[in-house]
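Trainee: Just a sequence and a predicted model for now, questions to come.
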Amino acid sequence: MAASLYPSIQVGTQLALFLTNKPGSIGAAADVIAHAGVNILALTTSDTVDHMVLRVVVDKPKTALLALESHGTLVIENEVILLEGANRLGSLSTIANLLAEAKINIDYAYCATPSNSKQGLLVLRPSDVPKALKALNSADLGRAGEKKFLAAAKARAALEQKAKGKALKATPAVRGRARE
């Protein structure tokens, strides 16, 4: 079997911090994490008018959790899947379609990779972590498998375009009758 484009697929711990949505909240939380000797590997935020959720993957989740809670921060732990691997065109398409075929929803995902980097880190929160991990580990994620998933995605897109084209052709006839 060919080498995987995603050599590291593992379950990790993500901490969701509930913070006040005001200047300095992220900095204060980052200070607590840094002073505890913990490195942030990935993060994302979502916000509302009065609060935000800062999601972080760190190298020492238990240490960060204890430090944050001792400072009065509400923190929730979640399992996520960490995929370290190829920064290539179609990588997300491959992963998302593979999980969709296994009937697994992606609740959310985040990543960042410099354009010239060959590697990246994708953080996924699937609806079923063990099932997603099994699907990812049993799939052919080498170049041949990626080409298969990309070809399937192109075929789906072509079918959707064809169906959309038929719907657009039917629309003027309906409009024409409505004017009569």
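Mentor: In hand now; what should we look at? Numbering: from 1, shown residues only.
Trainee: only C-alpha atoms for contact and neighbour calcs from this point on.
Mentor: Fine.
Trainee: Am I right that Leu136 is in a helix?
Mentor: Yes. Assessed by DSSP: H, G, I helix; E, B strand; the rest coil, Leu136 belongs to a helix.
Trainee: ok, it - how many residues close by?
Mentor: The number of residues packed around Leu136, counting by other C-alpha atoms under 10 Å, is 20.
Trainee: List of residues touching stretch 108-125?
Mentor: If you take C-alpha atoms under 8 Å, 6 or more residues apart in numbering as the criterion, stretch 108-125 is touched by 42-44, 79-88, 106-107, 126.
Trainee: for it, the distance to its chain's centre please.
Mentor: 8 Å (C-alpha atoms, centre = their mean, to the nearest Å).
Trainee: do stretch 117-126 as well
Mentor: Computed by C-alpha atoms, centre = their mean, the separation of stretch 117-126 from the middle of its chain amounts to 7 Å.
Trainee: Buried residues, that stretch. List them.
Mentor: Counting neighbours by 16 or more other C-alpha atoms under 10 Å, one finds that the buried residues in stretch 117-126 are 120-126.
Trainee: Next: stretch 30-43.
Mentor: Neighbour counts using 16+ other C-alpha under 10 Å place 30, 32-33, 36, 38-39, 42-43 of stretch 30-43 among the buried residues.
Trainee: And Ala67, how close does it get to Leu74?
Mentor: 11 Å (C-alpha to C-alpha, to the nearest Å).
Trainee: When these two are compared, which one has more neighbours?
Mentor: Legend: neighbour count by other C-alpha under 10 Å for Ala67 and Leu74, higher for Ala67 (20 against 15).
Trainee: Just the buried positions in the helix or strand where that one lies, please.
Mentor: Assignment of secondary structure by DSSP states H and E places Ala67 within helix 61-70. Neighbour-count burial for helix 61-70 flags 61, 64-65, 67-68 (criterion: 16+ other C-alpha under 10 Å).
Trainee: Which elements pack onto it?
Mentor: In terms of contacts (3 or more C-alpha pairs under 8 Å, 6 or more residues apart in numbering; DSSP states H and E), helix 61-70 is packed against strand 8-20, helix 25-35, strand 74-86.
Trainee: Make a markdown table out of those and add mean pLDDT and distance to Ser115.
Mentor: Output for the helices and strands packed on helix 61-70, formatted as a markdown table (pLDDT from 0 to 100; distance: least, C-alpha to C-alpha, whole Å):
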| stretch | mean pLDDT | distance to Ser115 |
| --- | --- | --- |
| strand 8-20 | 93 | 20 |
| helix 25-35 | 97 | 26 |
| strand 74-86 | 92 | 12 |
